[in-house]
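[1] Structure here, sequence nowhere to be found:
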């Protein structure tokens, strides 16, 4: 007996060693100093970082992204843009025409691990590094890089002298260690789309001409050196009349900064936090007025974000004029600012929403761009509808109908690709944009149709608090929603995310049977969905019949629903047809509508409706 117990104990110990805690994430600490030469748009940099290997693997190689190398003729980004049937208008063939003083580059002067020189190889935008000493599980290693860089002219996301005259928009500007997770290294070349990085702490010092105002991720550590509140007071740190700006940001996965000598800097405060900084040029009274008007609206929006999606955890956020459109970063966004006011407010809301859906969740957006752009698009439209619908006039039945229509358009053109496609590998920009933004937004609103909008709202907040500062994927998200709703949802991922199968239900026929009517439905599309069928009688009364599908293993709650609900038997997804009978004469029926809320992305809505008045 004792030997048996010992054997069982031994097997348990072995099993625990073989199946460790499945969740882990890497971490990095950056200490970066750069000296900017504004005359030739170059900078010298030093980067000291500590990399923590929290994985169960021993690492013998590491990889760094050198994003600036993409802005050279013949780069993969250049070639890809020139070969797409619908290239991004901001890129087109512009990279291929760059002159030597317009390109971007990172030149590594030397790289060390724990004080010893390392062997490395640069392949386009990736620095491949062979380690002198492996980094064992639970261990850490120090890397030191010294490098020279040239800032490219503004083409895509990063660079100098954008179309609105902002001097520097500094995103993806430093050698950044690649992400390593359960799928291994993600050392993807930069083609222009999405990013994925480990969580870390950033300590960044930027030495630049004293005429410049700098906006950045993180908190400014030396305001006294530049004047309180970024005023015009300057303290010269050296004979070159440069000032060093020192920022610290903890628990973020990227760092952005921008600089311009003509920035206006305003600060507003959200009750309960954060402080919101606005950096912009006031070239005209219209631009100035738009940016002033923006500030109070963003305070209102931030309060809505905090309540609806979870509390913003940092003390500051910066809205910075720069870049080539709108792009999100930790604690900041770069946006072009010479817009009409609705556009300025809309893009700012969308980019700030990325704080919740990407900057604080850090999914691998190369594979799950729909969990980034799509979720932010959903939350942006929700904010616009609830707070600013006097400006945007969104559809009251379905405020996300624009996303649905864009999905229908791409599907009809035959350009749709699965949402599991890597963002760089979509065959067209149209397919990528629809998938990431539109179909991702539809995913959430349609999920609310499946589990109930209140459950969705509760689930989004729980998802945020459970997974912020981590790297969740689609399965982590859907498990939260299953837990909240008690509905099985793996089928929803299988159809909506992993395939391009479509939804198409129809009212096939109505058969009069004395005082009763048989309603015959048909599933034409391959994707199954639960159905809500609204029947309105000639006397004005309305009833809703709800048909769950068997693979849900439950049905949503209709608590406090405005109409009388009748829950019918499940519809097995293998069956193309479904009939049910109601105790009403056919002549008494005014109309029948499948999905009256327009929440289901049914590609043919015409066959969803029966109207008896039109028949007469």
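    Perfect, I can see it now. Note that the structure is a prediction, hence the values are computed from the model and not measured.
[2] so who does residue 388 touch?
    Residue 388 makes contact with 297, 345, according to CB atoms under 8 Å, 6 or more residues apart in numbering. Any C-beta I mention is one placed from the backbone N, CA and C, and that applies to glycine too.
[3] give me that answer again for 10 Å
    Listed by CB atoms under 10 Å, 6 or more residues apart in numbering, the contact partners of residue 388 are 297, 300, 301, 342, 345, 346, 349, 394.
[4] who wins for neighbours among those?
    residue 349 (26 neighbours; other CB atoms under 10 Å).
[5] name the element that one belongs to?
    Residue 349 is part of helix 341-353, with elements assigned from DSSP states H and E.
[6] isn't residue 422 right up against residue 369?
    Yes. Here residue 422 reaches residue 369: they are 9.1 Å apart, a contact under CB atoms under 10 Å.
[7] out of these two, which sits in the more crowded spot?
    Ranked by neighbour count (other CB under 10 Å), residue 422 and residue 369 place residue 369 first, with 25 against 15.
[8] Backbone torsions only: list them for the more buried one.
    Main-chain dihedrals, residue 369, degrees, to the nearest 10: phi -60, psi -30.
[9] Excluding covalently adjacent residues, which one is nearest to it?
    residue 436 (3.9 Å; CB to CB, 6 or more residues apart in numbering).
[10] ok now do the one you found, which residues does it touch?
    Counted by CB under 10 Å, 6+ apart, residue 436 has contacts 193-194, 365, 368-374, 376-377, 419, 421, 423, 426.
[11] any idea how far it is from residue 526?
    Per CB to CB, to the nearest Å, residue 436 is found 23 Å from residue 526.
[12] Helices along the stretch 151-300 of the chain, start to end?
    Applying DSSP state H, counting those that start in this stretch to the stretch 151-300 of the chain gives helices spanning 223-226, 285-309.
[13] For residue 79, which of these is the nearest?
    Comparing these against residue 79 with CB to CB, the closest turns out to be helix 285-309 (37.2 Å).
[14] Listing partners with orientation, what would you give for whichever helix or strand comes after that closest one?
    The C-terminal neighbour of helix 285-309 among helices and strands, as given by DSSP H and E, is strand 316-321. Partners of strand 316-321 in the sheet, by DSSP bridges, are strand 275-280 (parallel), strand 332-335 (parallel).
[15] Strand 316-321 vs helix 285-309, what angle?
    Here the directions of strand 316-321 and helix 285-309 differ by 140 degrees (axes from the mean of the first three to the mean of the last three CA atoms, to 10 degrees).
[16] Let me know the angle separating strand 316-321 from helix 341-353.
    Using the same axes, to 10 degrees: strand 316-321 against helix 341-353 is 140 degrees.
[17] other SSEs contacting the next helix or strand after strand 316-321?
    Moving toward the C-terminus from strand 316-321, the next helix or strand (DSSP H and E) is strand 326-329. Using 3 or more CB pairs under 10 Å, 6 or more residues apart in numbering; DSSP states H and E, the elements in contact with strand 326-329 are strand 332-335, helix 341-353.
[18] what's the spacing between strand 326-329 and its chain's center?
    With CA atoms, centre = their mean, to the nearest Å as the basis, strand 326-329 stands 10 Å off its chain's centre.
[19] Sheet-wise, list the partners of that strand with their directions.
    Strand 326-329 has these strand partners (DSSP bridges): strand 332-335 (antiparallel).
[20] List the buried residues of the partner strand.
    332, 333, 334, 335 (16 or more other CB atoms under 10 Å).
[21] can you redo those as a markdown table with distance to residue 557 and pLDDT?
    Converted to a markdown table, those look like this (distance: CB to CB, whole Å; pLDDT from 0 to 100):
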| residue | distance to residue 557 | pLDDT |
| --- | --- | --- |
| 332 | 40 | 98 |
| 333 | 38 | 98 |
| 334 | 43 | 98 |
| 335 | 40 | 98 |
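[22] Kindly reformat those residues as TSV containing distance to residue 322.
    What follows is the buried residues of strand 332-335, written out as TSV (distance: CB to CB, whole Å):
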residue	distance to residue 322
332	10
333	9
334	4
335	7
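[23] of all those residues, which comes closest to residue 544?
    Ranked by distance to residue 544 (CB to CB), these are led by residue 333 at 42.0 Å.
[24] Tell me what the closest one is bridged to.
    Under the criterion used (DSSP bridges), residue 333 bridges to residue 319, residue 328.
[25] Check residue 589 too.
    Here residue 589 sits in beta bridges with residue 537, as judged by DSSP bridges.
[26] Any figure for the gap between residue 186 and residue 367?
    Residue 186 is 9 Å from residue 367, by CB to CB.
[27] Enumerate every residue touching residue 401.
    Counting by CB under 10 Å, 6+ apart, residue 401 touches 381, 394, 395, 442, 445, 598, 599.
[28] correct me, but residue 493 touches residue 477?
    Yes. Here residue 493 lies in contact with residue 477, judged by CB under 10 Å, at a distance of 9.2 Å.
[29] Those two: who's more crowded?
    Counted by other CB under 10 Å, residue 493 and residue 477 do not tie: residue 477 has more neighbours, with 25 against 17.
[30] so how far is residue 459 from that one?
    Following CB to CB, the distance that separates residue 477 from residue 459 is 9 Å.
[31] Can you tell me, leaving aside adjacent residues, what's nearest to residue 256?
    Distances taken as CB to CB, 6+ apart put residue 329 closest to residue 256, at 3.8 Å, once the chain neighbours are dropped.
[32] That should have said residue 354, apologies.
    residue 328 (3.3 Å).
[33] and the gap between that neighbour and residue 553?
    Per CB to CB, residue 328 is found 37 Å from residue 553.
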